[in-house]
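> Sequence and predicted model, in that order:
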Amino acid sequence: MLAAQYVMEFAESGKTSWSNLMTTLIVIANEDIGPADWEVLHFVQVSIMELRAHYERTNGDTHGLLLMNVIMRMCRAAKCRDSGHLLTIAKYMLDNYGVPEPPDCAYDMHTSRGKRMGRGIEHLSPRRGGIE
């Protein structure tokens, strides 16, 4: 109930609060639900698009029922923070170790570097030291 009350407070506090709320719901869905429930994540993203469009079409109607459906689905969804953890690790690695050099096998005929090296289909053959 508390989540619904807070959401409606933001939803009815003007266009800036509404816009911030929509962005915040997308972030929360990706941070806290993410891969644990792809269906809910998709539902939230599609619903937010509809809520934004409805708000513009109706000059400020918050479409409370759809908004409450979004909140209920998010509250009931399985939770997983793996995406947030992976992002934190990736940022840490970039900040502390820089961009890693791809392995030699990554440069094949589909990359400009691989083309300059004259690599063709034979590069992909396991017998020639390519990808296994």
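In hand now; what should we look at?
> buried stuff in stretch 68-87?
By 16 or more other Cβ atoms under 10 Å, the buried positions in stretch 68-87 come out as Val70, Ile71, Arg73, Met74, Ala77, Ser83. For the C-beta atoms, the positions are set from N, CA and C on the backbone; glycine is no exception.
> ugh, wrong one, I meant stretch 2-22
For stretch 2-22, by 16+ other Cβ under 10 Å, it's Val7, Met8, Phe10, Ala11, Trp18, Leu21, Met22.
> Tell me which two in the residues you listed are the farthest apart.
The distance between the two most remote of those (Cβ to Cβ) is 13.7 Å, for Met8 and Met22.
> need the strands for the chain, in chain order.
When secondary structure is read from DSSP state E, the chain shows no strands.
> pLDDT below threshold where in it?
126-132 (pLDDT under 70).
> quick one, domains of it?
2-82, 93-128 (automatic domain parsing).
> Show me how far the first one is from its chain's centre.
In this case it means domain 2-82. 14 Å (Cα atoms, centre = their mean, to the nearest Å).
> do the shortest one as well
Averaging C-alpha positions (Cα atoms, centre = their mean) puts domain 93-128 28 Å from its chain's average.
> can you list contacts of the helix ranked longest in the chain?
Across the chain, the longest stretch assigned as helix under DSSP state H is helix 38-57. Residues outside helix 38-57 that contact it (Cβ atoms under 8 Å, 6 or more residues apart in numbering) are 15, 18-19, 22, 25-26, 29-30, 33-34, 61-63, 66-67, 69-70, 73-74, 77.
> do stretch 90-103 as well
Contacts of stretch 90-103 (Cβ under 8 Å, 6+ apart): none.
> Pull out the buried positions in it.
Of the residues in stretch 90-103, none is buried (16+ other Cβ under 10 Å).
> one step back: among the buried residues of stretch 68-87, which two are most distant?
That would be Ile71 and Ser83, which, of the buried residues of stretch 68-87, are the farthest apart (Cβ to Cβ) at 20.5 Å.
> Now stretch 108-115: buried residues?
Neighbour-count burial for stretch 108-115 [16+ other Cβ under 10 Å]: Asp108, Gly114.
> what's the first-to-last distance across it?
7 Å (Cα to Cα, to the nearest Å).
> Next up, the contacts around Thr58.
Neighbours of Thr58 in contact, by Cβ under 8 Å, 6+ apart: none.
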